[in-house]
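>>> I'd like to go over a predicted model; first the sequence, then the structure.
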Amino acid sequence: MSLLSGPPRVITAGAGLLEESLRAQAVPTTPVAWHPPLSGTQDALATLMADPRREAANELAVDKLTSARPFLVGVRRAAEILPEGMFLHAGPPITWDRASGPLRGALIGAMLLEGLAADERDAEARLAAGEVRWEPCHEHAAVGPMAGVLSPSMWVFEVRDAEHGGTAYCSLNEGLGKVLRYGAYGPEVLDRLRWMDRVLGPALAAALEAGGPLDLRAMIAQALQMGDELHNRNRAATSLLLRELAPALAETCGEAAEVLRFIGGNDHFFLNIGMAAAKAATDAARGIPGSTMVVAMARNGTDFGVQVSGLGGRWFTGPAGVPDGLYLGAYGPDDANPDIGDSTITETSGLGGFAMAASPAIVRFVGGDVSDAVAATRSMYEITLAEHPAYQIPGLGFRGTPAGIDVTLVARTGLLPVVNTGIAGRVAGTGQVGAGLVRPPVEAFTSALAALAADVTAGQPSS
């Protein structure tokens, strides 16, 4: 409407030569970013655009995603949810011979924690021999940050979707630096995990039982308005959580001061809870025939994988890239492992990199400046199906975060999801070396697009 009511302007798209020429002649212009569809996707796009189910299926999928009401309902020992003799890990399935350094380090640490190996070499030998099974967290209603390894004596947050009934789990956050999720497994790492098993897990379980479920949708919405984006900045969300838990912890836990100090000293403590909330929301949108909406993005340190609502539990993968960002101390790009972790479930649900415009301070952690954060969020509206009604960005006039990645929009625009993430050291045992931004491999999305089109052509149900 503003274009029609103002003076005449020339709308330019594609190559910038025309826009530059007109601007040099003082002709008012409105440049529009445009790219041809991703190479080789034209036939698949044509097939999917003609699928009569697609529009209604995507409307249903994104409605389920954005209407989910996740509540933190409990904290449980992982042994209660894990199949016997199994560990879980982040990302799509992978074998020991292809596993990255951080994933190997975390698996070694879990073996030592559980008393399944005498030392590091014994753990490696047993893992290589297949004495312990490990499967993706996503295939067991769970998510895990970075390496994402979950073993029986660890504890998990239990999140339940009050709207659709689903349940999701995530481990407790250890803090930053040398921690298991970054592949470290030294004595200090194992001692911390044993304390979490002995003290932190039971304390949180008792506090939640006494204080009742916590509304995570409301907490995340408030944290966004306080400067978090809920992936690499969780300071506000952790503070809100601490305020809710503190009274019940004081009443039920004899070691409340120690527990409160641990949570209060770890600005990322809420991250794992937010991941489980995002998992519960995206799982609500799974299994809708004809839907082209992404319901999971995950990395194992070697592969980056996506899952799509209309394609069931099938993984579509490409090589994980190395994040571009800021490094700790003397570390640099040569020390970095390729992208790893299930924490991209935050972006999948409309948070993290998709909400960076809500978090100007995030650029101090991942690099760039405030305008880059705003531009990243604005670009994600071009590949998503909706704006989240509850998760709003003050700096964009309380516009909802972009939610519901559509593989057809990724293919049509050539834009890939933006992810902000921690960076793990590539050598097992190193820990965290930095943080930055990364884009997924295009192959993960084009292969999913081709599979969707093949199902339509074959006349098969997509799920």
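Received the coordinates, thanks.
>>> just the CA trace of whichever strand or helix holds Y169, in CSV.
Assessed by DSSP states H and E, Y169 sits inside strand 167-171. Taking C-alpha atoms only, strand 167-171 is exported to CSV below (Å, rounded to 0.1, in the frame of the first residue of the first chain):
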residue,chain,number,x,y,z
THR,A,167,6.6,-35.9,25.9
ALA,A,168,10.3,-35.0,25.3
TYR,A,169,13.5,-35.4,27.3
CYS,A,170,16.9,-33.7,27.6
SER,A,171,19.9,-34.2,29.9
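>>> for A296, give me phi and psi.
In terms of degrees, to the nearest 10, the main-chain angles of A296 are phi -160, psi 140.
>>> how about the contacts made by it?
138, 282, 305-307, 345, 348 (Cβ atoms under 8 Å, 6 or more residues apart in numbering). C-beta: built from backbone N, CA, C; applies to glycine.
>>> give the residue spans of this protein that score low on pLDDT.
Within the chain, the stretches with pLDDT under 70 are 1-7, 9, 11-19, 30-34, 460-463.
>>> can you list the domain ranges for it.
2-32, 42-65+285-458, 70-279 (automatic domain parsing).
>>> got a markdown table for the contacts of A296, with neighbour count too?
Output for these, formatted as a markdown table (neighbours: other Cβ atoms under 10 Å):
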| residue | neighbour count |
| --- | --- |
| H138 | 30 |
| T282 | 30 |
| G305 | 26 |
| V306 | 28 |
| Q307 | 24 |
| I345 | 33 |
| T348 | 30 |
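>>> widest-spaced pair of these?
Farthest apart among those by Cβ to Cβ are T282 and G305. That separation is 13.9 Å.
>>> give the buried residues for the helix or strand harbouring V456.
Using DSSP H and E, V456 falls within helix 442-458. Using 16 or more other Cβ atoms under 10 Å as the test for burial, helix 442-458 gives 442, 444-453, 455-456.
>>> closest to A56 among the contacts of A296?
For the contacts of A296, the nearest to A56 is T282 (19.2 Å; Cβ to Cβ).
>>> Three-state assignment for the residue nearest to that closest one when sequence neighbours are not counted, please.
Counting by Cβ to Cβ, 6 or more residues apart in numbering, the nearest residue to T282 once its immediate chain neighbours are dropped is V295, at 4.6 Å. Assigned with DSSP: H, G, I helix; E, B strand; the rest coil, V295 falls in the strand class.
>>> switch to numbering from 35
Okay, residue one is now 35; in that scheme the one you just asked about reads as V329.
>>> hang on, isn't V329 packed against R320?
Yes - counting by Cβ atoms under 8 Å, V329 does reach R320; the two are 5.2 Å apart.
>>> out of those two, which sits in the more crowded spot?
Counting neighbours by other Cβ atoms under 10 Å for V329 and for R320 shows that V329 has the greater number, 30 against 22.
>>> could you measure that one against R267, distance?
As judged by Cβ to Cβ, to the nearest Å, V329 and R267 stand 24 Å apart.
>>> sheet partners, orientation included, of the strand holding Y203?
strand 176-177 (parallel), strand 189-195 (antiparallel) (DSSP bridges).
>>> mind checking what helix or strand follows that strand in sequence?
Using DSSP H and E, the helix or strand that follows strand 201-205 towards the C-terminus is helix 221-229.
>>> other SSEs contacting whichever helix or strand comes after that next one?
Past helix 221-229, further along toward the C-terminus, the next helix or strand under DSSP H and E is helix 235-245. Secondary-structure packing of helix 235-245 (3 or more Cβ pairs under 8 Å, 6 or more residues apart in numbering; DSSP states H and E): strand 104-111, strand 189-195, helix 269-286, helix 290-298.
>>> so which of those is the most packed in?
Ranked by mean neighbour count under mean count of other Cβ atoms under 10 Å, the helices and strands packed on helix 235-245 are led by strand 189-195, which reaches a mean of 25.
>>> ok, and what's touching it?
Counting by Cβ under 8 Å, 6+ apart, 102-112, 115, 176, 184, 200-206, 230-231, 234-235, 238-239, 247, 250, 306-307, 310-311, 313-315, 317-318 sit against strand 189-195.
>>> check stretch 282-299 too.
209, 233-234, 237-238, 240-242, 244-245, 272, 275-276, 279-280, 303.
>>> where's the residue positioned nearest the centre of the chain relative to R138, distance?
Nearest residue to the geometric centre of the chain (Cα atoms, centre = their mean): T378, 1.8 Å. Distance from T378 to R138, counting by Cβ to Cβ: 21 Å.
>>> and for W130?
7 Å.
>>> try Y425
Taken as Cβ to Cβ, the span from Y425 to R138 is 36 Å.
>>> ditto for R295
The gap separating R295 from R138 is 32 Å, by Cβ to Cβ.
>>> in the stretch 35-184 of the chain, which spans are helices?
36-39, 51-58, 76-83, 88-101, 135-147, 154-162 (DSSP state H, counting those that start in this stretch).
>>> could those helices go into JSON lines alongside mean neighbour count?
Below are these laid out as JSON lines (neighbours: other Cβ under 10 Å):
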{"stretch": "helix 36-39", "mean neighbour count": "7"}
{"stretch": "helix 51-58", "mean neighbour count": "13"}
{"stretch": "helix 76-83", "mean neighbour count": "16"}
{"stretch": "helix 88-101", "mean neighbour count": "20"}
{"stretch": "helix 135-147", "mean neighbour count": "27"}
{"stretch": "helix 154-162", "mean neighbour count": "16"}
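>>> I'd like those as JSON lines, with distance to P126 appended.
Formatted as JSON lines, the helices of the stretch 35-184 of the chain follow (distance: least, Cβ to Cβ, whole Å):
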{"stretch": "helix 36-39", "distance to P126": "45"}
{"stretch": "helix 51-58", "distance to P126": "41"}
{"stretch": "helix 76-83", "distance to P126": "21"}
{"stretch": "helix 88-101", "distance to P126": "21"}
{"stretch": "helix 135-147", "distance to P126": "12"}
{"stretch": "helix 154-162", "distance to P126": "18"}
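>>> so after the longest strand seen in the chain, what's the next helix or strand?
Longest strand in the chain by number of residues (criterion: DSSP state E): strand 418-427. Sequence-wise, the next helix or strand downstream of strand 418-427 (DSSP H and E) is strand 433-439.
>>> tell me what that following strand is packed against?
By 3+ Cβ pairs under 8 Å, 6+ apart, strand 433-439 packs against helix 88-101, strand 328-334, helix 404-414, strand 418-427.
>>> hmm, back to that, overlap of the contact sets of W130 and R138?
Shared contacts of W130 and R138, counting by Cβ under 8 Å, 6+ apart, come down to L161.
>>> any idea how far A485 is from D131?
26 Å.
>>> what do you get for T316?
Taking Cβ to Cβ, one finds T316 at 19 Å from A485.
>>> rewinding a little: overlap of the contact sets of V329 and R320?
341, 343.
>>> next, P186: secondary structure please.
Here P186 is coil, with the state taken from three-state DSSP.
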